[in-house]
Structures are given as structure tokens and as C-alpha cells.
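>>> From the sequence below, what's the structure:
(2 chains, ligands or ions: 2)
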Amino acid sequence: MSAMLEMKQVTKTYGDGDATLTVLKNLELSVRGGEFVAVLGPSGSGKSTFLSAAGALLTPTSGEICIDGESLQGKSPQELTGLRLRRIGFMFQSAQLLPYLKVEEQLLYVAKQAKLGGREASGRAAMLLQRLGLWERRGHYPEQLSGGEKQRVAIARAWMNKPAILLADEPTASLDLDRGREVVRMIAEEVHSEGKAAVMVTHDERMLEWCDRVLHLENGVLVGR
Amino acid sequence: MFLALREMRHAKARYCLIMVIMLLVSFLVLFVTGLARGLSYANISALENMPAGYFLIQDDAGHAFRRSQLGAEDFAAAKEAVGAGNAAALGVQNGTITVDGAEVKTDITFFAVDMQGLLAPKLAEGTGISNEESGRAVVDAKLEESGVKLGSTIRDQTSGMSWTVSGFVNDSSYSHVPVVYINNADWQTMKQGALTGNNGTPADVPFNVIALKSSSVQAADLAAQLDQVESITKKQAIASVPGYAAEQGSLQMMIAFLFVISAVVLAVFFYVITIQKTSQFGVLKAMGTRTSYLAWSVLCQVLVLSVISLALSLLLTYGMNMGLPDAMPFQLEGSTMAFTGGLFIAVSLLGALISVVRVTKIDALTAIGRAGA
Ligand SMILES: Nc1ncnc2c1ncn2[C@@H]1O[C@H](COP(=O)(O)OP(=O)(O)O)[C@@H](O)[C@H]1O
Ligand SMILES: [Mg+2]
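Ligands and ions are numbered 1, 2, ... in the order given. Below you'll find the predicted structure:
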């Protein structure tokens, strides 16, 4: 299977002149379909920078990034926005659901953005909500959900547009251990049932049992142990 | 629309509150506009209702009818240029009258006109008067409030002349006082009395201005041809009626301020909300929502709020207009209403623009690496 995410010789340097800080140094990564990769690193090691670059939110100083075989290089901001919408699913530290949308509408919104047909969208939303055990909660607002449920809605939302890859930025940071592990397990299940890839950035080593590969971000490069 | 409407549904109280404010402001705008229009009409309806678009006036009169003085030669030239039926001499004179049988004095304005000509009063009640017969007048129906009836005798305090009221016209005010139409024969007598007092020679009695029903080019040509005469539009003439500009000016100022207030209130409200939602917008952008969609979402909310509150305030204005006493001058035509409403919505959208600018500046990158709620 071809790589869902391919990062070649990616370097990111902040600042200019004397005060430069190189956060990513010729970083290499290839994530295949069906693979769930965890990226570990202490605070300040560059995890957010790495994820932003992989997620087409940040242009690296040099190097090439491909999502599902499509290179990000030379794309206009509008094209990158469209690519994020259709090819990448995002999960954030806190669920970041829209407070004024019901659970089901959270999913329908992103489908609508991607111009997915109404019938198809509600079918897929129903399937995802059922798989994640949220079907009974579909008419609730985020304020009525627990933290774990909110993050599960975020998982469903991230998978809604059938992205090639899910990028999760410390998705367990606001959860307790059990809820966090459950969320990670569900991400893993979705990765395997969708046949797509996921990269999760975390600093919590207790969250790794469901991951296929664990990498450490050290001195700007990813290393396995 | 998807986000805009659902957000308003979820935060009903918040958006209802701002809607009530918008409703009150737009109601005030419409109300003061109607009042300004009504006052304007009550002030100069006699001029407004004249079927003339232009006036020839002495060029040093500063557009004020009573300061101008034109003679028979000017009138003859005007008649020749635009046709006898499309030019009419007008004499204007302030006066105070007493009504026989009533105890009060009343301020009026004399309009001396050709009773067969362009400016002949349009009777609402009673009979008209001829150009020859002296001692008869047609008066504005508002004089009925001062006890004037058909057949009453009114007496001018200055000249001592008196007239029998033979007819009434509606909506004929000049500088907020009712107009008394007299024919040119009586005007001659009234003015000659004054002139003989000055130099003793009965002269060809002058009048003040010439009303023209013509094109602007014709009016301008005519003015150029005549010595010390300029042509002005009806609008300019109205603006120079004593007191008119001051009265309308202060009302227009209020209206302008109300527009500014509504724009500022909306702008601040949406700006605060937008700032509160900065991280939300960042997340939406990261997930691939186009900036144009978010900007449109903000404008959409403003549009919905301003249109609904405007519709409600139109209803309110309409209802209040029904219940308003006749003595209160209030006038709001469909065209004025449409213009005011359109302007209100435009100003609201303008106020929302700073929020839109703010939204476009939010960076999707902020979504990653952020803890918080
Ligand atoms: N926009 C920026 N400008 C300058 N330095 C930055 C910027 N963003 C991050 N950094 C620096 O890059 C390093 C890595 O940051 P980050 O990617 O947020 O790490 P992590 O997510 O692992 O905590 C930190 O030292 C941080 O101060
Ligand atoms: Mg971070």
C-alpha cells in the first residue's frame, strides 16, 4: 500500500538572523495505510511544529511533504484548505467541538463543507456515531457530554470526510487515564476499519499500547527505540 | 447559513437582546425620519405642491422669495420663452389677520397669484375667485381651527384690507403658517398703498418670483437672458424658506447619529463575539473551512438580525402612525421607508466589516498545540 503521509528531509527553522531555532532537522517519516503511529516527546521538543507541518498548516523551511501521494509544495493557501478538508482529519488537545451544534450536526457540518450529499452524509454520520457508541447522544449539545464523549465525537468528526490520515494533537491531554486509553483504542479501531493512517502526538507514555509504531522526536528527528 | 442560524438558535437570549436594541434604534430612525418629513411638509406644503419645478428670482435675494422683486418685463419675457400657461408670477407677503367674530389674531402668508394660471389654488371646498373681483380670498383649511368658515371676513392688520373667504384648499402652508390666496387686483391695491406711502407714485406693482414649469435648460437660459435674475430649483427654494433649513438640519443630524449608533452598537457586539470565538474560528480553519465561508457566516447573522428588527420596527411605525393624533406632523412615504430601511441594513453590514476583517486574520495554525477549553 502507498504511503498516506510521507515526509522527506523536512526542516523547520524559527526566527531569522542570529537567533534561529531549528526545531525539525531533516525529519523523515512514512506512514502506511492501516498504520497508527505515536510520536512521543517532552514539551518543547517540536511535536506541535511537526504536526502542523504534516497537517498543511505550516510550511516547512525545506523538505517535501506528501499526503496520500499528493505533494504540498507549491499549493496556494486555498488549495491547502481544501486538502485539509478532504484528505486530513484533525483532533485537538481538547475536543474543540462547536458549542452550538448537536453531536450529529458536528459531523454533518464538515460533510457539508466537503460538499458531500445529504443522504450519504447522514448515512456515514450514523455509522460513525454507532461505531463510537454515540448514537443515543446524537441530539445532544457538547455541553451535555463528558470529556471522553466529546473526544469520541471529535474522532467521528475527523473521520467523517474519509481522510487519508488522522492527525491527533495530544488527544488525551484533557482526559483521565481510563478515558484517554479508551479514546486511543477507538482511534486505533477506526484506523484499522477504515484502512487509513493516523499519527498521534503525545507526551504520555501510558497511551501507547494500541499504537502500531512508536517514534520519539529528539533533536528534530524521529527515532524508533 | 448552517453555522450562522444554528449559533443564533443556541444563543437565543444573546441574539434577542441585540435584536431588541436594533429594533429600538431602527424604530427611532424611522420615527424621526417620518417626523422630519411631516414637519417639512407642514412647513412648506404650499411650495411642495406647486406644479412648478423652477423659480426665477432676483440674483441678490439669496434664494429667499420675500427679498426678491421682479417686474412686468421679466414676466413677459418668461411667458414668451416657456408659454403663458407655464409661467406664473407669485407675490408673497407675511401678514397677520383677524377673523370677524373670533377674538384671536393669526399669522398667515399672502400668495398673490393669477387665478387662471399655473399657481391657481386647487379648491377643496367652496368656490374659486376670479382675477377681477376684489375682496375675496381662498385660504388654507387649517384656518378653520382659527374660526374661519366659508363666508367669514378676514382683515389684514397692516393694510386694513378685508376679504370674504370663498373657498378652502388643503395642505397649503408656507413657513408653518397657512396661506391666503388673493388675486393680483387685490395685490396691486395692497402694494400700491404701501408704495404711495413711500414715494407717492402709483407704480407698476412688482411681485416676488416667477414660477416656471419648464426644463432646467429653459429656466437657465431665461435667467441668463434677464438682468439680475437667476433660476433656482424648487428644492433650493424650499431650503431657503425661513426656518426650514434649521429645523430639518437638526432632525437630519439626529437621524445621522441614530445611524451611527446602530452601526457602532452592532459593530461592537459582533466584534466582542468574534474575539470570544477566535479559537473556534482557528479550529474551523484548520479543519478546512474556507475563510470566505466564515466571513459570510458573520455577515449572514448581521443581515438576519437587521432585517428582522427592521421588519418589526416597520410594523411598529405603521401601528404608531395609525394611532398618532392628526396634530402631530408625521409622514412616511414608501420610498422614504425603503430608502431608510436599505440604508439601515447597509450601515449594519458596514459595522460588521471589522469583525469580518478580524475573522480573515485568524490563523489556522493556532488550533494546534493549544490547551484550553
Ligand atoms: N512561532 C514560533 N516562533 C518561534 N519559536 C517557536 C514558534 N513555535 C514554536 N517555537 C519553538 O519551537 C520549539 C518547539 O515548539 P513546539 O513545536 O510547540 O513543541 P511541543 O509541541 O513539543 O511542546 C519550542 O522551543 C518553541 O519555543
Ligand atoms: Mg505542543
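>>> When you work out contacts or count neighbours from here on, use the C-alpha atoms and nothing else.
OK.
>>> In terms of helix, strand or coil, where does residue A:57 fall?
Secondary structure, DSSP: H, G, I helix; E, B strand; the rest coil: residue A:57 is coil.
>>> Quick one: classify the closest residue to ligand 1 within chain B as helix, strand or coil.
Residue nearest to ligand 1 within chain B: residue B:369 (5.7 Å; C-alpha to the nearest ligand atom). Using three-state DSSP, the structure places residue B:369 in coil.
>>> how about the helices in chain A?
In chain A, the helices defined using DSSP state H lie at A:47-54, A:77-87, A:103-113, A:118-131, A:147-159, A:177-194.
>>> which residues sit against the fifth one?
With C-alpha atoms under 8 Å, 6 or more residues apart in numbering or on different chains as the test, helix A:147-159 has contacts from A:88-91, A:94-97, A:103, A:106-107, A:110, A:125, A:128-129, A:132, A:134, A:142, A:166, A:171, A:174-175, A:179-180, A:183, A:186-187.
>>> overlap between those and the residues near chain B?
Under the cut-off given by C-alpha under 8 Å from any C-alpha of the partner chain, chain B has A:88-90, A:94, A:96 from the contacts of helix A:147-159 close to it.
>>> Nearest residue to the middle of chain A?
Taking C-alpha atoms, centre = their mean, the centroid of chain A lies closest to residue A:167, which sits 1.5 Å from it.
>>> hang on, it packs against residue A:89?
Yes: shown here, residue A:167 and residue A:89 form a contact pair, counting by C-alpha atoms under 8 Å, at 6.1 Å.
>>> one step back: tell me who's in contact with the residue nearest to the centre of chain A.
A:51, A:55, A:88-91, A:198-201.
>>> where does chain B come near chain A, residue by residue?
Counting by C-alpha under 8 Å from any C-alpha, the residues of chain B near chain A are B:2, B:6-7, B:9-11, B:280, B:283, B:285-290, B:364-365, B:367-373.
>>> Generate a PyMOL selection restricted to the buried subset of those residues.
In PyMOL syntax, the buried subset of the residues of chain B next to chain A is picked out as below (16 or more other C-alpha atoms under 10 Å in any protein chain shown):
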select buried, chain B and resi 7+280+283+285+286+287+288+289+290+364+365+367+368+369
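>>> quick one: which of the residues of chain B next to chain A sit in helices?
Within the residues of chain B next to chain A, residues falling in helices by DSSP H are B:2, B:6-7, B:9-10, B:280, B:283, B:285-286.
>>> Return the item of the residues you listed having minimum pLDDT.
For these, the weakest pLDDT value sits at residue B:2, with 90.
>>> Name the residues of the stretch 51-200 of chain B found near ligand 2, please.
Not one residue of the stretch 51-200 of chain B sits near ligand 2, judged by C-alpha under 5 Å from the ion.
>>> sorry, back to before: quick one, which of the contacts of helix A:147-159 are buried?
Buried positions within the contacts of helix A:147-159, assessed by neighbour count (16+ other C-alpha under 10 Å), are A:88-91, A:94-97, A:103, A:106-107, A:110, A:125, A:128-129, A:132, A:134, A:142, A:166, A:171, A:174-175, A:179-180, A:183, A:186-187.
>>> Ignoring the adjacent residues along the chain, who's closest to residue B:359?
The shortest distance from residue B:359 to any non-neighbouring residue, by C-alpha to C-alpha, 6 or more residues apart in numbering or on different chains, is to residue B:295 (6.5 Å).
>>> show me what contacts the residue in chain B positioned nearest to ligand 2?
Residue of chain B nearest ligand 2, by C-alpha to the ion: residue B:369 (4.0 Å). Counting by C-alpha under 8 Å, 6+ apart, residue B:369 touches A:48, A:92-93, A:169.
>>> can I get those in CSV with neighbour count?
Shown next, in CSV, are the contacts of residue B:369 (neighbours: other C-alpha atoms under 10 Å in any protein chain shown):
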residue, neighbour count
A:48, 20
A:92, 23
A:93, 23
A:169, 26
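>>> Put together JSON lines for those, with pLDDT and distance to chain B on each row.
Listed next are those as JSON lines, based on pLDDT from 0 to 100; distance: C-alpha to the nearest C-alpha, whole Å:
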{"residue": "A:48", "pLDDT": "91", "distance to chain B": "5"}
{"residue": "A:92", "pLDDT": "91", "distance to chain B": "7"}
{"residue": "A:93", "pLDDT": "88", "distance to chain B": "6"}
{"residue": "A:169", "pLDDT": "92", "distance to chain B": "7"}
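>>> residues in chain A within reach of chain B, list them.
Close to chain B, as judged by C-alpha under 8 Å from any C-alpha, chain A has residues A:48, A:51-52, A:57-58, A:78, A:81-86, A:88-90, A:92-94, A:96, A:98, A:100-101, A:109, A:113, A:169.
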